[in-house]
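Participant: based on what follows, work out the 3D shape:
(one chain, ligands or ions: 1)
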Amino acid sequence: MSTAPVAGNPEITVSRTLARARAALEATSGTARLDAEVLLAQALGWSRVRLLAHSGASLDPARACRFEALVERRRDGEPIAYITGRREFWSLDLAVTPDTLIPRPETEHLVEAVLGVVAEDGTATIADVGTGAGTVALALALERPRSFVLGSDHSAVAVAVARANAVRLGAGNVSFIVADACAALAPRRWSVIVSNPPYVAEHDPHLLTGDVRFEPRAALVAGPRGLAMLETLARQGPARLTDGGWLVLEHGHDQGPAVRALLSRAGLGAIETIRDLSGNERVTLGRRAPTGR
Ligand code: GLN
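Facilitator: Numbering: from 1, shown residues only. Here you go, the predicted structure:
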């Protein structure tokens, strides 16, 4: 986009600026119009509603320039969530950084699955393994205020982001710690162990396209078939569940049979898989026997 903005030029209106940015983004983004609006709102410190209501307003050059820089980043493929530092999940406004996976809509099924096994006034203890920005842990902590939630992540930077999100959202019943894989689970036993682990296969071509190129590889990739972390969770999780406790795992669209087999082999029962809105198998849960055997 060639746009050295001219000071005081009334031609640089919101609507013209949006139209030009949209044209510039069309080649590399499937959501060019939305991207342009979100980025201009960001550059101006406005809401998108205000932007659309004031489409004839003229931009001051410094702001127009700031907007240019954001559009450039987007044109180079950077995810909108990393440019704005924000992503909505479960109606929560979460801070995200390139150290954290960007929350996905399908992960809301993981939250729903846990809410289905923890009573509203329940005092469950819930561990979220690989919490990233605190996405799942925070949604659960806010939905189940009498429960205690622990989120762990191997990345200290991610944990710092999660802690800041907890403070900003006023979630007092959640803690975050830095720990590898399942290391945070011992020595306690948990009513629920939940995880959206890395589950993409090492050479999955999907890793070379779109937003995932910018996301932390360790949050996405788990061995040749994407099952390495799911196997670890199935191997180490059940011993750390209370009697009657649940292991609840997000996984890839084609990993349902493998994950059901893992949970079954680990001695869990009541195994069930939930499909996402695209109809793909996405979340599998299993229960440790209610009477300790
Ligand atoms: N669903 C994500 C993707 O396909 C992967 C997330 C994950 O590995 N937990 O990009």
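
Participant: contacting residues for the spatially most central residue of the chain?
Facilitator: Central residue of the chain (C-alpha atoms, centre = their mean): residue 103, 1.7 Å from the mean position. If you count contacts by C-beta atoms under 8 Å, 6 or more residues apart in numbering, residue 103 has them with 87-89, 94, 96, 132-133, 135. Using the backbone N, CA and C atoms, a C-beta is placed for each residue, glycine as well.

Participant: tell me the secondary structure at the nearest residue to residue 117 once chain neighbours are set aside.
Facilitator: Leaving aside its chain neighbours, residue 117 sits nearest to residue 246 (4.8 Å; criterion: C-beta to C-beta, 6 or more residues apart in numbering). Under DSSP: H, G, I helix; E, B strand; the rest coil, the three-state class of residue 246 is strand.

Participant: and the strands in the stretch 101-250 of the chain?
Facilitator: Using DSSP state E, counting those that start in this stretch, the strands of the stretch 101-250 of the chain run over 125-129, 148-153, 174-178, 190-195, 241-250.

Participant: next, give phi and psi for the residue nearest to the centre of the chain.
Facilitator: Backbone torsions of residue 103, given as degrees, to the nearest 10, read phi -50, psi 140.

Participant: the nearest residue to it once chain neighbours are set aside pairs with what?
Facilitator: For residue 103, ignoring the flanking residues on the chain, the nearest one in space by C-beta to C-beta, 6+ apart is residue 89 at 3.8 Å. For residue 89, the beta-bridge partners under DSSP bridges are residue 92.

Participant: how near is residue 89 to residue 142?
Facilitator: 11 Å (C-beta to C-beta, to the nearest Å).

Participant: repeat that for residue 266.
Facilitator: 30 Å.

Participant: near the ligand, which residues of this structure are found?
Facilitator: Residues of the chain lying near the ligand by C-beta under 6 Å from any ligand atom: 104, 196, 198-200, 212, 220.

Participant: now the two most distant members of these.
Facilitator: 196 and 212 (14.1 Å; C-beta to C-beta).

Participant: so between these two, which is more surrounded?
Facilitator: Legend: neighbour count by other C-beta atoms under 10 Å for residue 196 and residue 212, higher for residue 196 (26 against 19).

Participant: hang on, the earlier thing: need the pLDDT of the residue nearest to the centre of the chain.
Facilitator: The per-residue pLDDT reported for residue 103 equals 98.

Participant: renumber starting at 460 from here on
Facilitator: New numbering, starting at 460: the last item is residue 562.

Participant: flag every buried residue along stretch 636-651.
Facilitator: Within stretch 636-651, the residues that qualify as buried by neighbour count (16 or more other C-beta atoms under 10 Å) are 638, 640-641, 643-644, 648-651.

Participant: ah, wrong one, I meant stretch 527-534
Facilitator: Buried residues in stretch 527-534 (16+ other C-beta under 10 Å): 527, 529-530, 533-534.

Participant: can you check stretch 630-637 too?
Facilitator: 630, 632-635.

Participant: for the residues you listed, work out which two are farthest apart.
Facilitator: That would be 632 and 635, which, of the buried residues of stretch 630-637, are the farthest apart (C-beta to C-beta) at 12.2 Å.

Participant: pLDDT on stretch 731-747, on average?
Facilitator: 97.

Participant: any idea how far residue 585 is from the spatially closest residue to residue 711 that is not a sequence neighbour?
Facilitator: Closest residue in space to residue 711, ignoring its immediate chain neighbours: residue 658 at 4.9 Å, by C-beta to C-beta, 6+ apart. Relative to residue 585, residue 658 is positioned 20 Å away (C-beta to C-beta).

Participant: the more surrounded of those two?
Facilitator: More crowded of residue 658 and residue 585, by other C-beta under 10 Å: residue 585, with 28 against 25.

Participant: any idea how far residue 645 is from the more buried one?
Facilitator: From residue 585 to residue 645 the distance is 16 Å (C-beta to C-beta).

Participant: got it, and residue 474?
Facilitator: 58 Å.

Participant: tell me how many other residues surround the spatially closest residue to residue 560 that is not a sequence neighbour.
Facilitator: Leaving aside its chain neighbours, residue 560 sits nearest to residue 678 (4.2 Å; criterion: C-beta to C-beta, 6+ apart). When neighbours are counted by other C-beta under 10 Å, residue 678 registers 22.

Participant: same deal with the one 5 residues further on?
Facilitator: Look at residue 683: counted by other C-beta under 10 Å, it has 10 neighbours.
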